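A.B. asks: Just need the structure, nothing else, for what follows:
(one chain, ligands or ions: 1)
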Amino acid sequence: MTRAFPDGFLWGAATAAHQVEGNNLNNDWWQLEQVAVGYIDASGDALDSYHRYREDMQLLAASGLSTYRFSIEWARIEPLPGQFSRAELGHYRRMIETAFELGLTPVVTLHHFTHPIWFGERGGWLAEDAAEIFVRYVEQACTILDGVEWVCTINEPNVVAMNHGAARIMAAGNPYPTKPWPDPEIGRALIAAHLASAPVVRSLTKAKVGWTIANQAFTPTDGAEEKYAEVVHEWEDMYLEAARGDDFVGVQSYTSQPIDENGVVPHPEDPGNTLMGWAYRPDALGIAIRHTKDVVGDVPIVVTENGIATGDDERRIEYTTGALTGMLDAIDDGIDVRGYLHWSLLDNFEWGRWHPTFGLIAVDRETFVRQPKASLGWLGGIARANALP
Ligand code: BGC
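C.D. replies: As a prediction, the model looks like this:
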């Protein structure tokens with residue numbers, strides 16, 4: 001039996017600038033990689049996608065997938081406060097045009113985890129005028145978005161609030177928190193930046209605009225319903241609530257975690273865990289989609305990230321089959337899901353680590369030769385059929 005997806009469903013894969021481009025010298029992640037030598041891996045040349053993006057997109061298109069989600073790098077476009085690089089804007093315009101030329105639908109993310117170093121030095125998201133500064137960048141980004149139909153303002157603001165919250169705790173002289181938590185004050189600043197920038201993108205382009213939220217598919221253990229409600233609000237729901245006026249909301253799902261009376265239960269050690277140490281939970285995507293719908297209401301959903309870090313490509317196919325099944329069940333129950341973008345197109349820089357491989361394509365990091373895995377052709381086949389066998 002085959003099960004079909006809705007007509008016009010977007011099928012694709014995603015990447016982010018810092019994880020694939022290489023030599024992003026002017027952002028805060030590059031800076032961190034230089035001070036944390038020996039503790040984390042550095043991005044270095046990454047996959048040299050800054051120069052090889054056409055090949056990446058060709059491989060994606062040849063597989064049968066037809067949508068490419070990628071991000072543009074703020075630190076390249078605005079290397080100094082208020083100084084915009086026409087050349088770098090031109091670079092990203094060429095990427096968009098390459099996508100059109102290859103028949104791909106580009107989904108453009110304006111901010112994916114990295115910030116220009118100068119933005120951090122002036123107080124980051126907690127500076128009083130952070131939203132204005134972000135909007136000034138977004139206005140410039142809009143000059144290259146002609147023809148783009150899908151724009152994500154900020155990727156996983158809840159994870160940004162978590163990482164920057166941890167940095168804030170450490171800056172106050174405390175050790176790295178063992179239970180990271182999205183800092184709600186930083187979260188509110190990010191919400192303000194989204195609510196200020198999304199209407200600007202709508203007014204300057206014809207794109208549908210939204211943001212993409214990390215969904216942890218939390219489930220309460222017996223009797224922990226109250227704690228669950230409290231945790232879920234600060235982890236996800238405050239960001240989802242801010243998407244109620246958007247044209248779409250991005251669901252990003254990898255795993256699921258229980259919440260007990262003490263809060264989020266860490267993933268138990270298990271040989272079945274993924275290379276991230278996360279529980280193997282193909283069913284997480286269905287839970288995440290349903291939770292998003294419950295909070296956001298009738299805003300269309302795009303799965304903007306879902307995937308697994310594994311060295312075993314068969315397992316990637318098995319995981320993704322489970323995730324797609326959960327997504328189809330949600331669609332059959334009437335939830336408006338418009339697309340599925342796998343994370344990731346390429347084995348890339350996993351934020352300080354190279355070993356968790358999420359890609360549909362392997363990359364030799366010395367020669368930069370790309371080697372498609374079986375999962376790429378498999379997912380492309382589902383895209384062509386627009387159905388799950
Ligand atoms: C991020 C990606 C990341 C992936 C796997 C998401 O949190 O948007 O940049 O590589 O999950 O950890």
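A.B. asks: The residue of the stretch 1-150 of the chain found nearest the ligand: how many residues sit nearby?
C.D. replies: Using Cβ to the nearest ligand atom, the closest approach of the stretch 1-150 of the chain to the ligand is made by A16 at 4.9 Å. Quick note: C-beta positions are derived from backbone N, CA and C, even for glycine. By other Cβ atoms under 10 Å, 25 other residues sit near A16.
A.B. asks: Is it in contact with V107, as I believe?
C.D. replies: No - using Cβ atoms under 8 Å, A16 is not in contact with V107; the gap is 11.7 Å.
A.B. asks: Identify the contacts common to the two.
C.D. replies: Residues touching both A16 and V107 (Cβ atoms under 8 Å, 6 or more residues apart in numbering): F70.
A.B. asks: Up against the ligand, what does the stretch 51-200 of the chain have?
C.D. replies: By the rule Cβ under 6 Å from any ligand atom, the part of the stretch 51-200 of the chain lying against the ligand is 155-156, 159.
A.B. asks: One more pass at 8 Å, please.
C.D. replies: Contact residues (Cβ under 8 Å from any ligand atom) of the stretch 51-200 of the chain with the ligand: 112-113, 155-156, 159.
A.B. asks: Which members of these occur in strands, if any?
C.D. replies: Assignment to strands by DSSP state E places the following of those there: N155.
A.B. asks: quick one: low-confidence parts of the chain?
C.D. replies: Along the chain, no part satisfies pLDDT under 70.
A.B. asks: what's next to stretch 91-99, contact-wise?
C.D. replies: Residues external to stretch 91-99 that are found in contact with it (Cβ under 8 Å, 6+ apart): 50, 53-54, 57, 68, 70, 72, 76-77, 105-106, 108, 141, 144-145, 147-148.
A.B. asks: List buried members of these by neighbour count.
C.D. replies: Among the contacts of stretch 91-99, those classed as buried by 16 or more other Cβ atoms under 10 Å are 50, 53, 57, 68, 70, 72, 76-77, 105-106, 108, 141, 144-145, 148.
A.B. asks: give me the number of residues near S66?
C.D. replies: With other Cβ under 10 Å as criterion, S66 counts 20.
A.B. asks: doesn't G8 make contact with it?
C.D. replies: No - when contacts are counted by Cβ under 8 Å, S66 is not listed as touching G8 (10.5 Å).
A.B. asks: what ranges do the helices span in the stretch 1-150 of the chain?
C.D. replies: With helices called from DSSP state H, counting those that start in this stretch, the stretch 1-150 of the chain shows them at 17-20, 28-35, 49-63, 74-77, 86-101, 117-121, 130-142.
A.B. asks: what about the ones you listed, which gets the closest to H233?
C.D. replies: Closest to H233 of these is helix 130-142 (Cβ to Cβ; 21.8 Å).
A.B. asks: and the closest one, what other elements does it pack with?
C.D. replies: If you count contacts as 3 or more Cβ pairs under 8 Å, 6 or more residues apart in numbering; DSSP states H and E, helix 130-142 packs onto helix 74-77, helix 86-101, strand 105-111, helix 184-204.
A.B. asks: Redo these as TSV? Include distance to I117.
C.D. replies: Below are the helices and strands packed on helix 130-142 laid out as TSV (distance: least, Cβ to Cβ, whole Å):
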stretch	distance to I117
helix 74-77	7
helix 86-101	16
strand 105-111	15
helix 184-204	18
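A.B. asks: among these, which is nearest V303?
C.D. replies: Proximity to V303 (Cβ to Cβ) singles out strand 105-111 among those, at 11.2 Å.
A.B. asks: Mind listing the strands the closest one pairs with, and their directions?
C.D. replies: When pairs are called by DSSP bridges, strand 105-111 turns out to pair with strand 67-71 (parallel), strand 150-155 (parallel).
A.B. asks: Alpha carbons only: can I get it in CSV?
C.D. replies: Provided in CSV are the C-alpha atoms of strand 105-111 (Å, rounded to 0.1, in the frame of the first residue of the first chain):
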residue,chain,number,x,y,z
THR,A,105,12.6,26.1,-4.4
PRO,A,106,14.9,28.0,-2.0
VAL,A,107,13.9,28.3,1.6
VAL,A,108,16.2,31.1,3.0
THR,A,109,17.0,31.4,6.7
LEU,A,110,18.3,34.8,7.7
HIS,A,111,19.8,33.8,11.0
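A.B. asks: All the strands of the stretch 251-389 of the chain, residue numbers only.
C.D. replies: Remark: strands assigned in the stretch 251-389 of the chain by DSSP state E, counting those that start in this stretch are 258-260, 263-264, 301-306, 337-343, 361-363, 370-372, 387-388.
A.B. asks: Same list, those strands, but as a markdown table with mean neighbour count and distance to the ligand please.
C.D. replies: Output for the strands of the stretch 251-389 of the chain, formatted as a markdown table (neighbours: other Cβ atoms under 10 Å; distance: least, Cβ to the nearest ligand atom, whole Å):
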| stretch | mean neighbour count | distance to the ligand |
| --- | --- | --- |
| strand 258-260 | 17 | 19 |
| strand 263-264 | 17 | 16 |
| strand 301-306 | 27 | 6 |
| strand 337-343 | 24 | 6 |
| strand 361-363 | 20 | 15 |
| strand 370-372 | 16 | 18 |
| strand 387-388 | 15 | 24 |
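A.B. asks: That concludes my questions; thank you for your assistance.
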